[in-house]
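[1] Predicted model follows, preceded by the sequence.
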Amino acid sequence: MTAPAPRQQIFENAKIWTFDRERPTVQAIAIDGNVIVAVGDRDTVRTAAPDAERIDLQGACVIPGFNDTHAHMEREGLKTLRPSLAGAKSVADILARIREAAAITPPGEWIVTMPAGTPPFFFDGVSSLAERRLPNRHELDVAAPDHPVYIQGVFGNWGKPPGHSALNTRALELNGIGPDTRPRVNGVEIERDAQGRPTGIIVEHNNRPTVEFDILPAVPRFGFADRLEGVKRSQRLYNAKGTTSIYEGHGSAAETISVYRRLWELNELTVRAGLVLSPSWNDLTEARRIMRDWLATARGSGLGDRWLRVSGIHIAYGGDSVVACCARAHLPDTGWSGFVEQAVTPSDFREACFLAAEFDLRLHTIVGDQLHEIVPVLRAVNERHPIAKRRWVIEHIGRTQPEDIRALKELGVYVTTISTYYLWKGGSKYLDEADGGNSVVPHRAILDAGIPLAIATDNIPYDPFFTLWTTCAREERTTGRVIGPGQRLDAHTALELFTATGAALTFDEGWKGRLKPGFAADLAVLSDDPTTLPPAELKDLSCLLTIVDGHIVHDAR
């Protein structure tokens, strides 16, 4: 943690959005240690904290810190641990980067790089290179004759398939890849020369790459120390965007939770973390036993404190059984995901939901366009085990039907959405909806139904201002067309969904998420007031100052 904050501080001369219904806007806020003690006009706050240090924010905008409720924060810092190929425009440029890495890497050790293309999405991939391809194994052999080399393909959650990987001869040999190698997973292609020998190029068409789990067992994995350093770096990056809390509803594998626990033990968390278990059981019999005997700490609201809390489980709906099998064989490594890959049939999903309700484990599930298939399951569970007060969470909503939204309200289900994923990045599939896209990620309809709603980044990218823009503008990436104009939100509403409302997902709405006396001193100072900007300018906002628990964790003033 940073050095202790002064006992009392007053931040004044600001436009402060509190998201407290009783006093929505104020000009000053007083902090005593890690708690807000007063809000209001300058004179009122000075009277409440007469001995406080006074900080003039010169008209800046203050909001509660962002609460990224589908953050994948375990992922961002890992990207900085491997050499970047950003800016490379040709095969020669990439080979130069490989030679540079070889010069500082002991002989025999692996060189593993990030993908080709422009981060954070790598949409351009190999098309960004003059030759429109990666270097083959022979070219890589010349650049790094004493090292196995692996250029990884894009992780589809950032960008779009296909992803292109490249290995040199040493790397191919260490992974046992030869003329007879055949991937087990569909969508993976090993490029071969005229003699049938691998060229070193592998193309994957799957959204979440499986190539490492399937045919590249020798490629170095992220170990515990890597993941620990990765989250440390991620925290600084998220703090710099004004993020003070995260919630990982997609689930966290055991090793991911261990990383957060270690940072908690070291008192090095600067982002409050709410985690959900990502189970690794193989069948329903094992699931029942684990839920019954081992997951007592995750029941109900879970176990933890104001910095780290674990509650509930994520159960997937669908998935590829071969992919899940390949990935689970490499546990505790989870690649870039941070969660355990699952493949759950509709019938097994139904039974797992009943088990979760029986053992009071909050369900989290990603529904995409299948909400209409999930709702009947929730209704059936509710008849035996009422779920209205358990705060079950439906995530990643894509296409919906009005009757399903009404059902979520009746069932007391909470919702988180990813506008960047469904509307901007992947919105092309919804451009020709009969209703103009108003049934896709229908924020306004969800709010009008009275359903608790929070929005999130999904780490694509981790920038909350980009997500604010996609939520308010709803523009598809390749055409700029608006998907569902009737579902656009104003910036003020979107800000509340991105700051205050997510606290309920961790049962913390009584002490964080709003700027009011007695609440946690978690806040962000922005470069401009989002509520006064046209939607197109929201993504250009920046964070000047971030305070968590009364401590300054980011200062760009």
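    Yes, it's here.

[2] could you give the mean pLDDT of stretch 80-92?
    Average pLDDT, stretch 80-92: 97.

[3] To clarify, my last question referred to stretch 333-352.
    Averaging pLDDT along stretch 333-352 yields 95.

[4] So which bits of that stretch are buried?
    333-344, 348-350, 352 (16 or more other C-beta atoms under 10 Å). Where you see a C-beta, it was placed from the backbone N, CA and C, and this is true even at glycine.

[5] and stretch 524-538, how far out from the chain's middle?
    22 Å (C-alpha atoms, centre = their mean, to the nearest Å).

[6] Quick one: residues in contact with the host helix or strand of residue 468.
    In the assignment (DSSP states H and E), residue 468 maps to helix 464-473. Residues from elsewhere that reach helix 464-473 (C-beta atoms under 8 Å, 6 or more residues apart in numbering): 66, 68, 241-243, 419-420, 423-424, 443, 455-457, 482, 488-491, 494-495, 497-498, 530, 535-536, 538-542.

[7] Could you point out the helix or strand that follows that helix?
    Next along from helix 464-473, by DSSP H and E: helix 491-499.

[8] Pull out the buried residues from that next one.
    Quick answer for helix 491-499 (16+ other C-beta under 10 Å): 491, 493, 494, 495, 496, 497, 498, 499.

[9] same check, this time on stretch 136-148
    136, 137, 139, 140, 141, 143, 144, 147, 148.

[10] now swap in stretch 94-103 and tell me
    Neighbour count says stretch 94-103 has 94, 95, 97, 98, 101, 102 buried, by 16+ other C-beta under 10 Å.

[11] The second one reaches residue 143, doesn't it?
    What that stands for is residue 95. Yes - contact criterion C-beta atoms under 8 Å: residue 95 and residue 143 qualify, at 4.4 Å.

[12] just to revisit the earlier point, just the ones of the buried residues of stretch 136-148 in helices?
    The members of those that map onto helices under DSSP state H are 137, 139, 140, 141, 143.

[13] how near is the last one to residue 101?
    Residue 143 sits 9 Å away from residue 101 when distances are taken as C-beta to C-beta, to the nearest Å.

[14] what do you get for the fourth one?
    Counting by C-beta to C-beta, the gap from residue 141 to residue 101 is 14 Å.

[15] Residue 215 too?
    23 Å.

[16] Show me the strands in the stretch 301-450 of the chain, by range?
    303-304, 308-314, 363-368, 393-397, 414-417 (DSSP state E, counting those that start in this stretch).

[17] Would you reformat those as a markdown table and include mean pLDDT?
    Shown next, in a markdown table, are these (pLDDT from 0 to 100):
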| stretch | mean pLDDT |
| --- | --- |
| strand 303-304 | 96 |
| strand 308-314 | 97 |
| strand 363-368 | 97 |
| strand 393-397 | 97 |
| strand 414-417 | 98 |
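
[18] Rebuild those as JSON lines, extending it with distance to residue 284 and mean neighbour count.
    As requested, these are exported to JSON lines (distance: least, C-beta to C-beta, whole Å; neighbours: other C-beta atoms under 10 Å):
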{"stretch": "strand 303-304", "distance to residue 284": "25", "mean neighbour count": "16"}
{"stretch": "strand 308-314", "distance to residue 284": "14", "mean neighbour count": "23"}
{"stretch": "strand 363-368", "distance to residue 284": "15", "mean neighbour count": "24"}
{"stretch": "strand 393-397", "distance to residue 284": "22", "mean neighbour count": "24"}
{"stretch": "strand 414-417", "distance to residue 284": "25", "mean neighbour count": "25"}
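
[19] Out of these, which is closest to residue 386?
    Among the strands of the stretch 301-450 of the chain, the nearest to residue 386 by C-beta to C-beta is strand 363-368 (13.5 Å).

[20] hang on, the earlier thing: of the buried residues of stretch 94-103, which belong to helices?
    Those of the buried residues of stretch 94-103 lying in helices (DSSP H): 94, 95, 97, 98, 101, 102.

[21] need the contact list for the second one.
    In this case it means residue 95. 135, 139, 140, 142, 143.

[22] chain center to the one helix or strand residue 554 maps to: distance?
    For residue 554, the host element (DSSP H and E) is strand 551-555. Distance, stretch centre to chain centre, for strand 551-555: 22 Å (C-alpha atoms, centre = their mean).

[23] Output the contacting helices and strands for that strand.
    With contacts defined as 3 or more C-beta pairs under 8 Å, 6 or more residues apart in numbering; DSSP states H and E, strand 551-555 has these neighbours: helix 224-239, strand 543-548.

[24] Can you convert these into CSV and add a column each for mean pLDDT?
    Converted to CSV, these look like this (pLDDT from 0 to 100):
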stretch, mean pLDDT
helix 224-239, 98
strand 543-548, 98
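
[25] of all those, which lies closest to residue 512?
    strand 543-548 (10.1 Å).

[26] partners of that closest one in the sheet?
    Sheet pairing of strand 543-548 (DSSP bridges) gives strand 523-526 (antiparallel), strand 551-555 (antiparallel).

[27] Which residues belonging to stretch 401-409 are considered buried?
    Applying 16+ other C-beta under 10 Å to stretch 401-409 flags 404, 405, 407, 408 as buried.

[28] wait, what's in contact with the last one?
    For residue 408, the set of contacting residues under the criterion of C-beta under 8 Å, 6+ apart consists of 375, 394, 415, 446, 449, 451.

[29] Check the gap between the first one and residue 494 for me.
    When C-beta to C-beta is applied, the distance between residue 375 and residue 494 equals 26 Å.

[30] again, but for the fourth one
    As for residue 446, its distance to residue 494 is 13 Å (criterion: C-beta to C-beta).

[31] picking that back up, going by distance to residue 220, which of the buried residues of stretch 401-409 wins?
    residue 408 (43.1 Å).

[32] what pLDDT does the closest one get?
    97.

[33] what do you get for the one 10 residues further on?
    Predicted confidence (pLDDT) at residue 418: the value is 97.

[34] Spatially nearest residue to it, not counting backbone neighbours?
    Counting by C-beta to C-beta, 6 or more residues apart in numbering, the nearest residue to residue 418 once its immediate chain neighbours are dropped is residue 458, at 4.4 Å.

[35] I figured that neighbour was touching residue 419, is that so?
    No - using C-beta under 8 Å, residue 458 makes no contact with residue 419, being 9.4 Å away.

[36] List the residues that contact the closest residue to residue 34 other than its chain neighbours.
    Of all residues not flanking residue 34 in the chain, residue 550 sits nearest, at 3.8 Å (C-beta to C-beta, 6+ apart). Listed by C-beta under 8 Å, 6+ apart, the contact partners of residue 550 are 5, 9, 31, 33, 34, 35, 521.
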